[in-house]
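1. coords below, sequence missing:
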């Protein structure tokens, strides 16, 4: 029975626990502080008054925005494009043409002339005159340098070394004499000045200074305590009472009024915007209906009368006229081509009469495949693999 049983399943490995993805926390609305009766009593009248004052301003602003956009799209943008094109045609294009067809060829000609008149003579002068003279001067300078080096090594260097040794000996003598004099002066200054000054400072000046410092600190502490008490009673306590009982409540009331006025202005501006948008949509719809009523007969006349008449005129008059114009243009082009070929042949005959027949051209074997042939593994154009 054990042989018929399926083999036991291998134990599963414990999977590593993946950290759960952090879900974005929903933004909780900020807790609003409780409002007092003064705030609730001020809010509604202020919002009504501000809406009455802001509504005409918002509607005028929206009307100005619409007019400005219409003026920009219909007047300012086409006029700007026309001015841009006119400025290009009157200011930029003439200068570009002058630069391209006059200044650039003249500059190239002057450059070639300068190269022929200046660069080539200067190159020859440098190669034929300045370079040999420079080589000769370099040889002379090398010979002079060799002579100066010999003079320095055989004459100046030994003399300088002797002078340095003599100066070192004199300096050592002077340093020994100065060290002795400095040691004597230091001993005298220590026993005549430093030791008496230390005794005077330790036994006289330091005790007297400590006593004076203690007395001055006591006087200053007493006077400071008196002034602090007086200033606290006369200045700090009245100012604190004024701030706590007068300025702070007044400031809170003014802050509430200013906040409500600001919120009322924002709310009134948004409400006025919605009212202005709705009014604009109504006026646009009315204008669209009136325009459609006025233009519907014209559209009907265009579709039912003008379009068939235009098609008839196009098929009976315009299209045959266009075909005839194309035929005339084709004939004119053929005539111009024939005249051009005749003129070219006449010019070649005149050149042959005046200059004679041109000589035969000698073929040059460049070992390059012709346009109809292709490269193969057996052909090559390099110098190393030529036959």
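-> Done, it's in. Since this is a predicted model, take the numbers as computed values, not measurements.

2. drop to CA atoms for contacts and neighbour counts, all remaining ones
-> Noted.

3. just checking, what packs against the longest helix along the chain?
-> Looking across the chain with DSSP state H, the single longest helix is helix 248-301. The contact analysis (3 or more C-alpha pairs under 8 Å, 6 or more residues apart in numbering; DSSP states H and E) places helix 248-301 against helix 37-71.

4. look up how far residue 128 lies from residue 43.
-> As judged by C-alpha to C-alpha, to the nearest Å, residue 43 and residue 128 stand 102 Å apart.

5. whoops, residue 177 was the one
-> Counting by C-alpha to C-alpha, the separation of residue 177 from residue 128 is 70 Å.

6. and residue 79, how many residues sit next to it?
-> Per other C-alpha atoms under 10 Å, the neighbour tally for residue 79 reads 12.

7. my bad, should have said residue 44
-> Neighbours of residue 44 under the rule other C-alpha under 10 Å: 13.

8. for it, what are its contacts?
-> Under the criterion of C-alpha atoms under 8 Å, 6 or more residues apart in numbering, residue 44 has no neighbours.

9. count of residues packed around residue 217?
-> Neighbour tally, residue 217, other C-alpha under 10 Å: 10.

10. any idea of the mean pLDDT for the next helix or strand after the longest helix of the chain?
-> Where DSSP states H and E defines the elements, the next helix or strand beyond helix 248-301 is helix 307-313. For helix 307-313, mean pLDDT is 89.

11. check the offset of helix 307-313 from the chain's centre.
-> A distance of 59 Å separates the centroid of the chain from that of helix 307-313, by C-alpha atoms, centre = their mean, to the nearest Å.

12. thinking again about what came up before, could you tell me how far the longest helix of the chain lies from the centre of the chain?
-> The answer for helix 248-301 is 40 Å, by C-alpha atoms, centre = their mean.

13. quick one: the helices in the stretch 101-250 of the chain?
-> 104-114, 120-125, 131-151, 157-189, 195-200, 206-231, 237-242, 248-301 (DSSP state H, counting those that start in this stretch).

14. mind listing what's buried in the fifth one?
-> Taking 16 or more other C-alpha atoms under 10 Å as the neighbour-count basis, helix 195-200 is seen to contain no buried residue.

15. same question, the first one
-> Residues of helix 104-114 classed as buried under the neighbour-count rule (16+ other C-alpha under 10 Å) do not occur.

16. returning to what we had before: the more surrounded of residue 43 and residue 128?
-> Neighbour count, other C-alpha under 10 Å: between residue 43 and residue 128, residue 43 has more, with 17 against 11.

17. how about the more buried one: what's its closest non-neighbour residue?
-> Nearest non-adjacent residue to residue 43, counting by C-alpha to C-alpha, 6 or more residues apart in numbering: residue 260, 6.1 Å away.

18. quick check: that neighbour touching residue 50?
-> No - using C-alpha atoms under 8 Å, residue 260 makes no contact with residue 50, being 10.7 Å away.

19. so for this structure, the centremost residue is which one?
-> By C-alpha atoms, centre = their mean, the chain has its centre lying nearest to residue 84, at 26.2 Å.

20. picking that back up, want to throw the helices of the stretch 101-250 of the chain into a markdown table with mean pLDDT?
-> Output for those, formatted as a markdown table (pLDDT from 0 to 100):
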| stretch | mean pLDDT |
| --- | --- |
| helix 104-114 | 89 |
| helix 120-125 | 88 |
| helix 131-151 | 89 |
| helix 157-189 | 84 |
| helix 195-200 | 83 |
| helix 206-231 | 89 |
| helix 237-242 | 90 |
| helix 248-301 | 85 |
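
21. just these: most buried one?
-> Mean neighbours per residue, mean count of other C-alpha atoms under 10 Å, is largest over those for helix 248-301, with a mean of 14.
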